[in-house]
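K.L.:
using only what follows, build the 3D model:
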Amino acid sequence: MKSDAVTSAPLGELLTPFSDHEATLEANRCLYCYDAPCIHACPTHIDIPTFIKRIADKNLLGSAKTILESNLLGATCSRVCPVQELCEGACVLGSDHPPIQIGRLQRYAMDAIRGRETQTVSIGDETGKSIAIVGAGPAGLSCAGELRKLGHAVTLLERRAVGGGLSTYGIIQLREPIDIAIGEAAFIERLGVKFEYGVELGHDKSLAELRRDFDAVYIGVGLGQSPDLHIPGEEWIFDGLRLIEQSKMEAAPMKLGQRVVVIGAGNTAIDCATIAKRLGATDVTIIYRRTIDEMTAYPHEYEFAKAEGIRFEFLAQPSAVITDEQGVTGLTCQRMHLGPDDSSGRPSSIPVPDETFVVEADQIIKAIGQVRHPLASLLGLGIENGYITVDENFETTLAGVYAGGDCIRATGAASTVMAVQDGKLAARSIHQAIMGGPS
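P.N.:
Predicted coordinates for the structure are as follows:
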């Protein structure tokens, strides 16, 4: 089987792993650039030429160690990072030859040492300091692991039953199997981080308690639920993140319609449409109120969706769900046109008077982003447009309380790798603050 073959299971991991031979061949294509552009393009600044050279030398433990020195969630990021836009997009070979498949080589190295990651990580002398981390997503796991490496006692509070955050519950199985995300949480736990599941800040624990009992607090709670569309019949619309979670967490096959409409044009919308298509829907349409140029999905994700047979209806705004006694039969949409830029910096979408149309559907899914987590205002933290306000050290407006990940990203792209970097940088700031010196 070719290395880029799609797996037989409809929602199995999209690409088969490199064989030893394939990994060696690909690693030997690397030019091992000095001051390599791929390092600068990686938000966590992994020493990419070094980890690839160690694969070529068949030193997989050393390769993984190089990755983990910069990114403790190297297995997740090897799968979900938009490498086409980051490291691989910066590869100097890209202008004349296919770029090095950095993501797949990173996956190869990380998979090779799965369960043995702690062999590559050293823990510093115990400092006697303790930190509480809120949220076991990528930002929280990264911060917890980095602080533990520095010798601090770390307690991680997670409201759900399983760690990993969006990696576990919100990334389609095609891109990241659930055992990878759960395995990385287990790796952080093996470093000596204490996990407390089923504990929700503001309900089971107060911020005042954490500030009293710990030397510092780090909040990495991500974002909240999907926003409402405020259209008639919205109660018939299924939430996209819930769809992804069910596709990963539930053993029984999911039942989806034959004519599925997905509202939204980000990467999550494409994931939802892909699930529907691969689980047997004959007609899948993505509805978006702007044009292809304003989509938040990455260009390669758009091309992937088209190859899957997913149809796009641009300049369309949902206005009502149509139902009969059997359930959903369609979605009424308002035709739109583009106007002046709005607060997002993209052209606004303006209704075309008296121009509506109906898309036939027996199931409608929304994937229109997530609302800001209400926790920040409940805790009395400073906020900007609903996001937690932090300074250059990731400290919030409350002394000794830090935050990172999607919950602080008022500007710029939110992504797993950026959350990991937030956690790493915040750990350094926390260490410096509680130890009274440079990190």
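
K.L.:
going forward, measure contacts and count neighbours with C-alpha atoms only.
P.N.:
Fine.

K.L.:
from Arg335, how far out is the residue sitting furthest away from the middle of the chain?
P.N.:
Farthest-out residue of the chain from its mean C-alpha position, per CA atoms, centre = their mean: Asp354, at 39.5 Å. Remark: distance between Asp354 and Arg335 (CA to CA, to the nearest Å) = 9 Å.

K.L.:
what is the burial count for the nearest residue to Arg211 once chain neighbours are set aside?
P.N.:
Distances taken as CA to CA, 6 or more residues apart in numbering put Val217 closest to Arg211, at 6.7 Å, once the chain neighbours are dropped. Val217 is flanked by 26 other residues according to other CA atoms under 10 Å.

K.L.:
touching, Val217 and Ser206? I think so.
P.N.:
No: counting by CA atoms under 8 Å, Val217 does not reach Ser206; the two are 11.5 Å apart.

K.L.:
which residues in the stretch 101-250 of the chain form strands?
P.N.:
130-134, 153-158, 194-197, 216-219, 238-239 (DSSP state E, counting those that start in this stretch).

K.L.:
most tightly surrounded among those?
P.N.:
strand 216-219 (a mean of 26; mean count of other CA atoms under 10 Å).

K.L.:
and it, which strands flank it?
P.N.:
Strand pairing for strand 216-219, using DSSP bridges, gives strand 130-134 (parallel), strand 401-403 (parallel).

K.L.:
just the C-alpha atoms of it, please, in CSV.
P.N.:
Extracted in CSV, the C-alpha atoms of strand 216-219 (Å, rounded to 0.1, in the frame of the first residue of the first chain):
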residue,chain,number,x,y,z
ALA,A,216,0.3,30.6,41.0
VAL,A,217,-2.8,29.7,38.9
TYR,A,218,-2.9,29.2,35.1
ILE,A,219,-6.2,29.2,33.2
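
K.L.:
next one: that strand to chain centre, how far?
P.N.:
Distance, stretch centre to chain centre, for strand 216-219: 21 Å (CA atoms, centre = their mean, to the nearest Å).

K.L.:
what's in contact with it?
P.N.:
130-135, 140, 143, 210-211, 400-404, 430, 434 (CA atoms under 8 Å, 6 or more residues apart in numbering).

K.L.:
could you list the low-confidence segments of the stretch 1-150 of the chain?
P.N.:
1-8 (pLDDT under 70).

K.L.:
and the strands of the stretch 101-250 of the chain: which comes nearest Thr16?
P.N.:
Among the strands of the stretch 101-250 of the chain, the nearest to Thr16 by CA to CA is strand 238-239 (29.7 Å).

K.L.:
which other helices and strands contact the closest one?
P.N.:
Packed against strand 238-239 by the contact rule (3 or more CA pairs under 8 Å, 6 or more residues apart in numbering; DSSP states H and E) you find strand 363-366.

K.L.:
which strands and helices lie in contact with the strand it packs on?
P.N.:
strand 238-239, strand 259-263, strand 327-341.

K.L.:
can I get that strand in PDB, CA atoms only?
P.N.:
Output of strand 363-366 as PDB, limited to C-alpha atoms (Å, rounded to 0.1, in the frame of the first residue of the first chain):
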ATOM      1  CA  GLN A 363     -30.200  17.200   8.600                       C
ATOM      2  CA  ILE A 364     -28.600  20.600   9.400                       C
ATOM      3  CA  ILE A 365     -25.400  21.100  11.400                       C
ATOM      4  CA  LYS A 366     -23.900  24.400  12.500                       C
END
